[in-house]
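[1] take this sequence and fold it.
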Amino acid sequence: MSSEQFIQFLINYKFVILFYVLILATIIINRKKFDFQAKFIAMYRTKIGIKLMDKWGEKYREFIRLLGVIGIGIGFVGMIYIFVYVLQGFIKLFTTPDAPATLSLVLPGVHIPGSAIFIPFWHGIIALFIVVAVHEFGHGVVARANKIPIHHSGIVFFGPLIGAFVEPDEKQLMKEDDIKKYSVFAAGPFFNALLAVFAILLVAFAFTPTIDMMVEPVGVSFQSIQENMPAYEAGLLPEVTYDVVNGNQITTADQFILELNKLKPGDNFTIGDSTNTYTITTTENPTESSKAYVGVVGIMTTQNVKEGFSQIFVDILRWFNELFVWIFMLSLGLGAANLLPLGPVDGGRMIQLALTKIFGDKKGHVIWIKTGFMLLFILLVLIFFPILKSTLF
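    Numbering: from 1, shown residues only. Here you go, the predicted model:
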């Protein structure tokens with residue numbers, strides 16, 4: 001990286017860098033108050049939220065216990081789904097080299113090489129904290145509904161990322177019957193699923209209709225452009241409005257997708273605005289070779305505010321709308337990731353309990369360990385191979 005590129009990097013990421021530097025400084029200054037694990041996990045224990053868990057766990061005991069039992073079924077179905085998804089992604093990595101990355105690191109405000117997803121900084125930080133807090137609250141309130149004590153709650157830093165945690169009484173939990181154990185383990189991912197449903201309903205039936213009433217569509221823009229794909233090679237840019245495709249006026253994302261669906265791999269088409277026109281030659285879709293692919297991610301309808309409505313108010317609604325979209329996406333992602341049958345995460349604890357019951361403590365534990373190492377290897381390849389590929393090739 002040249003000095004000019006380094007300076008530009010600092011300019012582009014100044015607020016992101018400042019935020020993470022402040023986090024690091026806070027941890028260093030207050031290091032005696034933190035419990036460090038695995039050298040990059042810093043835990044600050046508190047009692048925040050425990051009274052609310054106690055209150056809900058007692059007041060709505062039967063309902064929450066019912067949710068916990070439902071969460072067990074949802075948890076195992078989700079575990080099977082995410083496990084198959086990861087295995088399919090690993091196979092595609094070698095059979096379909098141009099396929100988008102199956103998994104990606106989550107670092108708000110930072111473009112991860114090889115990832116088609118970019119998470120805006122403030123939306124990402126706030127959404128991620130809410131998602132993690134709800135996840136941990138789920139564990140805590142289901143534990144309390146089953147009369148299992150909670151020793152601590154608190155804030156945790158995974159490197160630069162902030163999150164939350166609760167610590168139920170593990171000795172007491174291990175003495176409970178299997179249904180209670182499963183329900184506590186599955187509660188976090190299940191509450192993430194409930195949060196995702198709440199978030200998307202709020203977007204679909206509150207924010208989106210209200211915003212649509214105040215604006216009119218004027219074109220399309222893209223959240224990001226995949227490197228080395230046709231749109232990137234042609235010079236298209238993210239967050240720029242385009243309103244003409246093949247000489248025809250387009251005003252919505254649906255119209256653009258309709259035009260794109262008419263194309264086949266190798267076809268040429270033009271896209272532009274009032275000042276520029278770009279010619280793009282499509283390539284094969286990584287997941288379906290008969291369909292065209294251009295490498296644009298997050299196709300969005302660009303909108304202008306109608307007369308009589310406040311731009312500021314619309315911008316506020318859009319900000320919260322985007323926040324809840326990211327809460328939906330990250331809640332599903334975090335919940336699914338925690339259902340992986342891997343080590344100490346929720347899915348890992350669920351499958352460990354199941355395997356030891358089926359095969360006995362010794363054999364079940366061995367199968368659990370071997371499955372975990374195999375899955376860990378696959379995850380590391382899926383996460384870091386696209387980064388290395390994008391960086392080095």
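
[2] just the helices in the protein please.
    3-12, 14-29, 50-59, 61-95, 121-145, 170-175, 178-202, 208-214, 230-234, 253-261, 311-338, 346-359, 361-392 (DSSP state H).

[3] relative to the whole chain's centre, how far out is the longest one?
    Right, the one you point to is helix 61-95. 15 Å (Cα atoms, centre = their mean, to the nearest Å).

[4] for that helix, packing partners?
    helix 121-145, helix 178-202, helix 311-338, helix 346-359, helix 361-392 (3 or more Cβ pairs under 8 Å, 6 or more residues apart in numbering; DSSP states H and E). C-beta: built from backbone N, CA, C; applies to glycine.

[5] tell me the buried residues in the last one?
    Okay, so that is helix 361-392. 364, 367-368, 371-372, 375, 378-379, 381-383, 385-387, 390 (16 or more other Cβ atoms under 10 Å).

[6] so which elements touch that helix?
    If contacts are counted by 3+ Cβ pairs under 8 Å, 6+ apart, helix 361-392 sits against helix 61-95, helix 346-359.

[7] could you dump these to TSV with mean pLDDT, mean neighbour count and distance to residue 34?
    Formatted as TSV, the helices and strands packed on helix 361-392 follow (pLDDT from 0 to 100; neighbours: other Cβ atoms under 10 Å; distance: least, Cβ to Cβ, whole Å):
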stretch	mean pLDDT	mean neighbour count	distance to residue 34
helix 61-95	94	16	31
helix 346-359	95	19	24
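
[8] please produce a markdown table containing those helices, extended by distance to residue 32.
    A markdown table is the format used below for the helices and strands packed on helix 361-392 (distance: least, Cβ to Cβ, whole Å):
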| stretch | distance to residue 32 |
| --- | --- |
| helix 61-95 | 37 |
| helix 346-359 | 31 |
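
[9] and of those helices, who's closest to residue 25?
    helix 346-359 (31.9 Å; Cβ to Cβ).

[10] quick one: low-confidence parts of the protein?
    1-2, 5, 38-39, 97, 116, 159-161, 392-393 (pLDDT under 70).

[11] let's see 80
    Residues of the chain meeting the criterion pLDDT under 80: 1-15, 37-41, 97-101, 105-106, 110-117, 158-163, 286-289, 389-393.

[12] find the centremost residue of it, please.
    Centroid check for the chain by Cα atoms, centre = their mean gives residue 330 as the closest residue, at 3.1 Å.

[13] now do the same contact list for the residue nearest to residue 319 when sequence neighbours are not counted.
    When the adjacent residues along the chain are set aside, residue 319 lies closest to residue 123, with 7.9 Å between them (Cβ to Cβ, 6 or more residues apart in numbering). By Cβ atoms under 8 Å, 6 or more residues apart in numbering, the contact list for residue 123 reads 108, 319, 322-323, 326.

[14] quick one, which of those are buried?
    Applying 16+ other Cβ under 10 Å to these flags 108, 322-323, 326 as buried.

[15] is it possible to get TSV of those that adds distance to residue 184?
    Formatted as TSV, those follow (distance: Cβ to Cβ, whole Å):
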residue	distance to residue 184
108	29
322	33
323	29
326	27
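
[16] and residue 249, which of the helices and strands packed on helix 61-95 is closest to it?
    helix 311-338 (23.4 Å).

[17] got the angle between that closest one and helix 121-145?
    50 degrees (axes from the mean of the first three to the mean of the last three Cα atoms, to 10 degrees).

[18] what residues of helix 311-338 count as buried?
    314, 317, 321-338.

[19] per-domain residue ranges of the chain.
    1-25, 34-207+328-392, 230-294 (automatic domain parsing).

[20] ok, back up a step: for residue 115, see how far away the residue nearest to residue 319 is.
    16 Å (Cβ to Cβ, to the nearest Å).

[21] and residue 45, by the same measure?
    Relative to residue 115, and taking Cβ to Cβ, residue 45 is found at 33 Å.

[22] so which of these two has more stuff around it?
    Between residue 45 and residue 115, residue 115 has the larger neighbour count (other Cβ atoms under 10 Å), namely 23 against 16.

[23] flag every buried residue along stretch 146-160.
    So, applying 16+ other Cβ under 10 Å, buried residues of stretch 146-160: 146, 148, 150, 152-157, 160.

[24] ok, now which ones touch residue 384?
    No residues are in contact with residue 384 under the rule Cβ under 8 Å, 6+ apart.

[25] great, nothing more from me.
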